[in-house]
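# A structural model of the following input is requested.
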Amino acid sequence: MKEKVLAVDIGGTSIKTGIVEEDQILEFASYKNVWKGHQEKLVPFFNKIFQHWIQQYNITKMGIGCPGEIKDGVVVFAANLKWHNFELVKQLQQIFPQMTIKIENDGRAATLAELEYGKLKDAKNALFIVFGRGVGGSLVINHEIYTGSYNRGGNFGHMVIKNYKARKCNCGRKGCFETYASVAGLVQTIKDVNYHSKNPVPLKELGGLRVVDLANNQHPIVIKAVQQWNLDIAESILSLALLLDPSHIILAGGITESGLIHIELIKEKLKEQGYEDVVVELSSFKAKAGLVGAATLLK
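Just a heads-up that it's a prediction; the model follows:
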């Protein structure tokens, strides 16, 4: 019998929730993440919004994907959320004592969905990347997520890709992959190009949806910034490919639904170093990979 799981995908911009049955999302709701730096207010909100679904579907299991370093049910540090030592599972368990609750890094959770149900089902060595407010994902080695010696393996969002006048990352370093390749990185690249332009684009409320709209309307500044953003992504993926030697590279996250990521450019970069046979594709679940993955934690 298929089991229904209450799934939570915590992101820097939004928190997605849903009822998931294997790889199918039966219910879905999304909320703007207003809890950055206010971790103490999140659990009371969850208590408020989850009660109806729990009763309606007789839910006994909850899976959570969350950015940052996760250990023993604790969000040790989530840079983009400004959360420190957040005992999320313990606090939820006090409210829902009969519930089985598991939490994992959101990138790893999303990878699980692709390994279990998606385009990595038959992949031995692969790279899975999620583009959101930051950049997450996993290295897959021998069809398993590589966790490393201290459970921090595959944290490539914070590998440094630039040095000269590099942007400062929320982790404290400069020039991290996610400061250029994330959606926030794309917005900042637009601002950088804008600064040197004679015909600047209005920057008010410049978020992911606005960027996509401007790109679809061929705004020259946005088009130039998107080209640079794609080059940063392609060069970084090539560096990761040289390290891992993958057969598959799968890309996920809401921005992948926009058509702004140039798959062919990534393939061209890989081909330069002899990786013309690597499969480069969008995730089966795209923006919903994290939600399906959170439910998969309970399998």
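
# Quick check: Pro113 touching Val292?
Not Pro; residue 113 is Ala. Yes - Ala113 lies in contact with Val292 (Cβ atoms under 8 Å); the separation is 3.9 Å. Glycine gets a C-beta too; all of them are placed from N, C-alpha and C.

# can you list residues touching both of those two?
Residues touching both Ala113 and Val292 by Cβ atoms under 8 Å, 6 or more residues apart in numbering: 23, 285.

# Check which residues of the helix or strand encompassing Lys224 are buried.
Using DSSP states H and E, Lys224 maps to helix 220-244. Residues 221-222, 224-226, 229-230, 232-241, 244 are the ones in helix 220-244 that count as buried (16 or more other Cβ atoms under 10 Å).

# angle of the helix or strand following that helix against helix 220-244?
Where DSSP H and E defines the elements, the next helix or strand beyond helix 220-244 is strand 248-252. Computed by axes from the mean of the first three to the mean of the last three Cα atoms, to 10 degrees, the angle separating strand 248-252 from helix 220-244 equals 140 degrees.

# what's strand 248-252 in contact with?
For strand 248-252, the external contacting residues (Cβ under 8 Å, 6+ apart) are 110, 114, 118-120, 123, 125-131, 137, 237, 241, 261, 263, 266, 270, 278-283, 285-287, 289-290.

# Just the buried subset of these, please.
110, 114, 118-120, 123, 126-131, 137, 237, 241, 261, 263, 266, 270, 278, 280, 282-283, 285-287, 289-290.

# In strands, which of the residues you listed fall?
126-131, 137, 280, 282 (DSSP state E).

# Pick the one among those residues closest to Leu214.
Phe131 (17.9 Å; Cβ to Cβ).

# for the residue lying closest to that closest one once chain neighbours are set aside, what are its contacts?
The shortest distance from Phe131 to any non-neighbouring residue, by Cβ to Cβ, 6 or more residues apart in numbering, is to Gly253 (3.8 Å). Neighbouring residues of Gly253 by Cβ under 8 Å, 6+ apart: 129-132, 183, 286-287, 289.

# my guess is Val292 contacts Phe285, does it?
Yes - Val292 sits in contact with Phe285 when judged by Cβ under 8 Å, with a separation of 5.3 Å.

# Please report phi then psi for the residue nearest to Phe131.
With angles defined as degrees, to the nearest 10, Gly253 sits at phi 110, psi 160.

# And it, how far from Gln93?
Gly253 sits 30 Å away from Gln93, going by Cβ to Cβ, to the nearest Å.

# centroid residue for this structure?
Val130 (3.8 Å; Cα atoms, centre = their mean).

# per-residue confidence at that one?
Predicted confidence (pLDDT) for Val130: 95.

# One more: the one 5 residues further on?
pLDDT, the model's per-residue confidence, is 94 for Val135.

# Let me see the contact set for it.
129, 156-157, 177-178, 181-182.

# of all the residues you listed, which two lie farthest apart?
Once Cβ to Cβ is applied, the contacts of Val135 give Phe156 and Ser182 as the farthest pair, at 12.3 Å.

# neighbour count winner among these two?
Ser182 (28 against 24; other Cβ atoms under 10 Å).

# thinking Gly254 is in contact with Phe285, fair?
No - Gly254 lies out of contact with Phe285 (Cβ under 8 Å); the separation is 11.0 Å.
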